Every structure is written in structure tokens, then in C-alpha cells.
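A.B. asks: Just the structure for this:
(one chain, ligands or ions: 3)
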Amino acid sequence: MSSSKTILAINAGSSSLKVSIFSAESDTPNQLAEIEISGLSSPPATLKYSRGDEKIKGKELENVKNQGDALDYILDHLMNDDGLPQLKDKEDIEFACHRVVHGGDYSQAQVINRDTYHHIERLSDLAPLHNASALSLIKSLHETLPSTINLAFFDTTFHSTIPRHISTYPVPQSSKSNNLRKYGFHGLSYASILRSTSSFLKKPPSSTSLIALHLGSGASACAIRNGKSLDTSMGLTPLSGLPGATRSGDVDPALVFHMTNSAGDMSASSTKELHITQAEEMLNKKCGWNALTGTTDFGAVIAGEREEDKLAVDILVDRIIGLVGAYFVRLGGEVDALVFAGGIGEKGAELRNKVVDSLRCLGFAIDEGKNGKVGDGVVEDVGSDEARYKVLVCRTDEQAEMARGCLERWDEFKKG
Ligand SMILES: Nc1ncnc2c1ncn2[C@@H]1O[C@H](COP(=O)(O)OP(=O)(O)O)[C@@H](O)[C@H]1O
Ligand SMILES: CC(=O)OP(=O)(O)O
Ligand SMILES: [Mg+2]
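C.D. replies: Numbers count the residues shown, from 1 in each chain. Ligands and ions are numbered 1, 2, ... in the order given. Next up is the predicted model:
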């Protein structure tokens, strides 16, 4: 390990691209700058940049329409920032860490080479909003920065501890369908949440138990027992569980055949790299709160006054509390904290209020004053002092989690 070089960590979400740059001079990642382009699914996209005291927030970017444009914009911005002398040459970037949502059976991060690239490509059908765009970013980075080593970090890795009776679907178990199991996603985020909250609670991660909620354009919940994922709400693909901006979340599996009689036909948006049926297209891209309200921006939905806005919020709250109740039972009530994270979890004070208010019977309660004043802390306690269980807000950092993983295996990754 250790050089004067830098690590670039790239997190392609379904509505955003977040990139952080770290110096690789110590055992823990030292963030030099963080840049985020959000609102890719509700244009215009907006830029947020922070490097020390230098901050840009809410700048609208008319010409940034997709993940590829966003990466080009971000690399250009970083390379041309005079306040970032660590990044002047393309060769300064030793590693680029990419968040890849579906890692199939990979149990740890991989160096991207021809084999791993094609393996990830084959998993694209199982994460149709994510893997294909992560791969196109990997390809474009490989072309722009030919001397940088690309690494894939998977959302699925954290959930490899889910017991078999929880990850198995009760369907015929042929050898192929044994791969048709629950994988779970947002794993880099849950690893980051566990690291930050256990440190906040002054407990080792291995004895910390949480019900964690990652609520963004894709939303999920996770039961963490003694530092290990016990269950999570996304499954074989990131479609199941909670509704998202454009995803239905759990519905009766037969519903789709009543919405269309060509469910199994290929969708017009299928490409050579990505095969997606009309059913998958509909449930992944045409549902969620966007289908109910006409916007993917949950900030606008929760501020909205219309019946459909209220309905979308009530649905999300209802599905969240259902999962928290189930996980509370799974954990036998041994819960150190309920944790909110992700764009909505971190910024949506009113949603936190509604969720926690509905969980009073379990011993959770919010302090409205603290909840309304969440600042820049990595972890903030928003629970009432009188409540039995803690309620925390955590600024999850998937990029830092990847950079940490890169530093831990630096020499091995250098060998390729
Ligand atoms: N003040 C706010 N209140 C509630 N939701 C918000 C607020 N600001 C942003 N959001 C929502 O956060 C979501 C994006 O979360 P994020 O985790 O960054 O997304 P991604 O899934 O792309 O990683 C969007 O739905 C956005 O509308
Ligand atoms: C897995 C997933 O849905 O990720 P995101 O919320 O970043 O889109
Ligand atoms: Mg995300």
C-alpha cells in the first residue's frame, strides 16, 4: 500500500452519479473532494461539489443527460480544479473503484479484466437500471485513463451472510434456479452505515444490531444482526421490497400479466448488452412514486398537497413500517438503532417523522426538534431521550467504503 497517488471512487445510482477522490497515503481513505450530479431522472441535473471550504450546490447542468455525460463532466471538473494539485495528470489516478450493483456469486471485490467484465455483463439482466450503465462507465474510464486499474465493488457482497432459508425462494430448485435467490443490494451503503453507527454507539461492529433503511431512488431495508446482514428487502433483482422512484417494489407477481398481455416479449429498450422484457421494463421503469405523482423527486412528493402526493407518501411509510416490524421480530427485539440513510432518509425529515411515529408501539420515538435540525454530522441522533430504542440518521458513504476496500487489498490489486 501507500503512494502519493489517488483513488477515484465512482457510485452510479439510478438517478445520480457520485464520485469521490481520495489520497492513498494512509491506511484510511482521506477524502480530497466529493462531486455529485443528481436528478438524472428528473432534469435538469444538478451539481454539488465540495473540496475543503470550496463548495458548489444546486448548479443546474443543462447538457448532462445521462451517466456518461455526468462522468465526462466530473472528470473534466476534477482535472481542472486548481485547488486539487493531487490530480493534475491522468496517471495520478492509481485505482478507479466502481460500484457494481449485481455481483452474482462474487464474494469480494474484483479487478476488472476481460473475464470479470464479461461476467458482470451477464448479470446485467438482473439489475437492469444499474449494471449496464456501470459497465459503460468502466469502459469509458478505461479509454480515458488507460493506466488506471479498474476495480468492481459489489452491492451484493454484504448480504452473503443471509441464511439459506431467508435467501431461498420456494420455487423448484433445479441447478439453474438455485441461482434464482435473494442477493440483496445497497450493500456498500449498509457496510458504511454499520461502520459509522457502531463507532457512534461505541460498540464493535460485530456486536451491533440495526434495522437500517437506505431510502433513495431505489429504497431498501436491512436487518443487521451482530454486524451481519440477516435479511434485506431487495431480492434476485433490485425490484422487490419497497417502492422506488420508478420501481413498483413488492406486488402480486401475477399483476403484471393483468397490465399487459405481452409481458414476456422483449421491450423496445432492450439492447445487445441488456435484455429486458416488457414486464421488467414496466415494473422497473414505469411504476413507483413517479407513476402515482408524475415526478421521481421524492422531495417534491412529500412537499406536495395533492391527494396523489399524500397517497405516494402513505404507501412508502406503510411498506417501510411493515418491514421494520418484520425485522424487529427477526432480531428478537435486540436492536441498537433504527437508522435512516440515502437521499430521502438523510434529507426527508418529514418522512422520518411519519415513519417513526407509526413505530411508537415498538418503542421508537422521534425528537421533532433534533429531527428538524439534522446537520453535517456523519451520524446524528434524532430519537427522543425517553424512547427505548435509538433513531439515527447516517450520511452513508459508498465511495469511502470502496476506497477503504481498495487500501486494504492494495498490493493484491496492483498485481492485477
Ligand atoms: N429534501 C428532501 N426530502 C426528501 N427527499 C429528498 C430530498 N432531497 C432529495 N431527495 C430525494 O433523494 C432521492 C435521491 O437519493 P439518492 O440516494 O441520492 O439516489 P440514488 O438512488 O440515485 O443513489 C431522490 O428521490 C430525491 O428526490
Ligand atoms: C440498488 C439500487 O437501487 O441502487 P440506487 O438506489 O443507488 O439506485
Ligand atoms: Mg444510491
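A.B. asks: burial of the residue of the stretch 301-416 of the chain at minimum distance from ligand 2, as a residue count?
C.D. replies: For the stretch 301-416 of the chain and ligand 2, the shortest gap (CB to the nearest ligand atom) falls at Gly342, measuring 6.7 Å. Every C-beta, even on glycine, is put in place using the N, C-alpha and C of the backbone. Gly342 has 24 neighbours, counted by other CB atoms under 10 Å.
A.B. asks: neighbours of the nearest residue to it once chain neighbours are set aside, just the number please.
C.D. replies: Spatial nearest neighbour of Gly342, chain neighbours left out: Gly216 (3.8 Å); criterion: CB to CB, 6 or more residues apart in numbering. For Gly216, the count of nearby residues is 23 (other CB under 10 Å).
A.B. asks: Output the longest helix along the chain as PDB, nothing but the C-alphas.
C.D. replies: Ranked by number of residues, the top helix in the chain under DSSP state H is helix 307-330. Presented in PDB, the C-alpha positions along helix 307-330 are these (Å, rounded to 0.1, in the frame of the first residue of the first chain):
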ATOM      1  CA  GLU A 307     -54.200  13.500  -3.000                       C
ATOM      2  CA  GLU A 308     -51.800  11.500  -5.200                       C
ATOM      3  CA  ASP A 309     -48.700  13.000  -3.400                       C
ATOM      4  CA  LYS A 310     -50.200  12.000   0.000                       C
ATOM      5  CA  LEU A 311     -51.100   8.600  -1.300                       C
ATOM      6  CA  ALA A 312     -47.500   8.000  -2.500                       C
ATOM      7  CA  VAL A 313     -46.100   9.100   0.800                       C
ATOM      8  CA  ASP A 314     -48.600   6.900   2.800                       C
ATOM      9  CA  ILE A 315     -47.700   3.900   0.600                       C
ATOM     10  CA  LEU A 316     -43.900   4.300   1.300                       C
ATOM     11  CA  VAL A 317     -44.500   4.800   5.000                       C
ATOM     12  CA  ASP A 318     -46.800   1.700   5.100                       C
ATOM     13  CA  ARG A 319     -44.300  -0.500   3.400                       C
ATOM     14  CA  ILE A 320     -41.400   0.700   5.500                       C
ATOM     15  CA  ILE A 321     -43.100   0.100   8.800                       C
ATOM     16  CA  GLY A 322     -44.200  -3.300   7.600                       C
ATOM     17  CA  LEU A 323     -40.600  -4.200   7.000                       C
ATOM     18  CA  VAL A 324     -39.300  -2.700  10.300                       C
ATOM     19  CA  GLY A 325     -41.900  -4.700  12.200                       C
ATOM     20  CA  ALA A 326     -40.900  -7.900  10.500                       C
ATOM     21  CA  TYR A 327     -37.200  -7.200  11.100                       C
ATOM     22  CA  PHE A 328     -37.800  -6.300  14.700                       C
ATOM     23  CA  VAL A 329     -39.300  -9.700  15.200                       C
ATOM     24  CA  ARG A 330     -36.400 -11.400  13.300                       C
END
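A.B. asks: Does Arg330 touch Asp231 like I think?
C.D. replies: Yes - counting by CB atoms under 8 Å, Arg330 touches Asp231, with 6.1 Å between them.
A.B. asks: More neighbours: these two, which one.
C.D. replies: Ranked by neighbour count (other CB under 10 Å), Arg330 and Asp231 place Asp231 first, with 21 against 14.
A.B. asks: Quick check: chain neighbours aside, which residue is closest to the more buried one?
C.D. replies: Excluding the flanking residues, the one nearest Asp231 by CB to CB, 6+ apart is Ala223, at 4.7 Å.
A.B. asks: Helix or strand: which one has the one you found?
C.D. replies: Using DSSP states H and E, Ala223 falls within strand 219-225.
A.B. asks: got a pLDDT number for whatever residue of the stretch 151-300 of the chain ends up closest to ligand 1?
C.D. replies: As assessed by CB to the nearest ligand atom, ligand 1 sits closest to Gly216 within the stretch 151-300 of the chain, at 2.4 Å. What the model reports for Gly216 is a pLDDT of 96.
A.B. asks: how near is it to ligand 3?
C.D. replies: Distance, Gly216 to ligand 3, by CB to the ion, to the nearest Å: 4 Å.
A.B. asks: can you start the count at 513 instead of 1 from here on
C.D. replies: Sure thing, new numbering starts at 513, so read that last one as Gly728.
A.B. asks: so who does that residue touch?
C.D. replies: Each residue near Gly728 by CB atoms under 8 Å, 6 or more residues apart in numbering is listed here: Gly525, Ser526, Ser527, Ser528, Gly756, Gly854, Gly855, Ile856, Gly857.
A.B. asks: Quick one: which of the residues you listed is the most crowded by neighbours?
C.D. replies: Neighbour max across these (other CB under 10 Å) = Gly756, 29 neighbours.
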